[in-house]
Structures are given as structure tokens and as C-alpha cells.
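Asker: Provided below for reference: sequence and predicted model.
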Amino acid sequence: MLYLAQVQTNPASGEIQLQVLARQESKYVWSVDNSETLLLTKESSLCAGVLVLVETDRQQQIVSIQDAKEWILSILQQHLTKNAINPQFIEREQSKVEKWRQEVTAQNLELNRRALEIETRREQLQELEQELKRDREELDRLQTKLSMDN
């Protein structure tokens, strides 16, 4: 497991220890966690306050320690500089937005088409109801006439 830690001196024992600041969960995901302390089992020339990357094995034994300065600077450079705006990234995002806009437009057109179709069918039903009403009135009139003639 990989940790970002700060070198500290234990005030009680005077031993150098590593205060964990963050833990790597996956390649690009880190969780902030300063509840853990890693103890150095061998002599170290690390100075208090230095930030380090610490790799441990499954038993939490320290495998390697390296200065975190270059790693932190590379993250800053990638994410916080003007040059971090990648034209290809922007182009991909603009392409996604355009595709989404086209899909929404197509869905809107389909909904409008369906609404128009429903309105047309409703008008047809109303016309059929009127025609049925006229036919019924005509039948009632003819039935009344027949019954009067008899």
C-alpha cells in the first residue's frame, strides 16, 4: 500500500515516526487519513516535517520510503498550471457535449412528433364521436317516424 506521510519525532521516545496523511485507494484515488502512524524500524536520516511516500507490504512493514517533493510537484503541474488544459481533453468534452445536445434535440423532435400524432388522433376521435352522434340522432329520428307510421 502507498501512503503520503510526514516525518515526525515522537515527543515521548524521541524516535522518528511517519504520520500518515493520505492513503492510496486505487491508481488515481486517495483518501485523506491522518489517524495512523507508521514506525520506522531502522535508523533514518529523515528530518522532521519532510513529506514522504511510503510503500508497505501486507503486514504493514515499510518496503520503501522516498521524498514526496517531485511527486507533489508533478501533481501540481498536471492539475494547477495554465498548461494543464489539454486541447485534446477539451475537444473530447466538446464532442461529448455536442453529441449529448444532438441526442436531446432528437428526443425533443420525437416527443413533438408523438404529441402531434396524439393530437391528430384525438381530433379524429372527436370527429368520429360527432359522426356517431349524428348517425344515432338520424336513427332515433327514423325510428320515431316508423313508429308513428305504424
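Answerer: Sure, I can see it.

Asker: average pLDDT for the helix or strand containing residue 108?
Answerer: Element membership of residue 108, judged by DSSP states H and E, is helix 87-149. Across helix 87-149, pLDDT averages out at 93.

Asker: against residue 77, how distant is residue 71?
Answerer: If you measure residue 71 against residue 77 using C-beta to C-beta, to the nearest Å, the figure is 11 Å. (Each C-beta comes from the backbone N, C-alpha and C, glycine too.)

Asker: tell me which of those two has more neighbours.
Answerer: residue 71 (15 against 11; other C-beta atoms under 10 Å).

Asker: just checking, the more buried one touches residue 30?
Answerer: No. Residue 71 is beyond contact range of residue 30, at 11.4 Å (criterion: C-beta atoms under 8 Å).

Asker: what touches both of these two?
Answerer: Residues touching both residue 71 and residue 30 (C-beta atoms under 8 Å, 6 or more residues apart in numbering): none.

Asker: the longest strand belonging to the chain pairs with which strands, and in what direction?
Answerer: The strand that spans the most residues within the chain, counting by DSSP state E, is strand 16-26. Taking DSSP bridges as the criterion, strand 16-26 forms sheet pairs with strand 2-9 (antiparallel), strand 29-32 (antiparallel), strand 37-39 (antiparallel).

Asker: of those strands, which is nearest residue 97?
Answerer: strand 29-32 (25.5 Å; C-beta to C-beta).

Asker: just the CA trace of the closest one, in CSV.
Answerer: Extracted in CSV, the C-alpha atoms of strand 29-32 (Å, rounded to 0.1, in the frame of the first residue of the first chain):
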residue,chain,number,x,y,z
VAL,A,29,-7.9,7.8,-5.8
TRP,A,30,-6.5,8.8,-2.5
SER,A,31,-8.3,9.1,0.8
VAL,A,32,-7.2,11.6,3.5
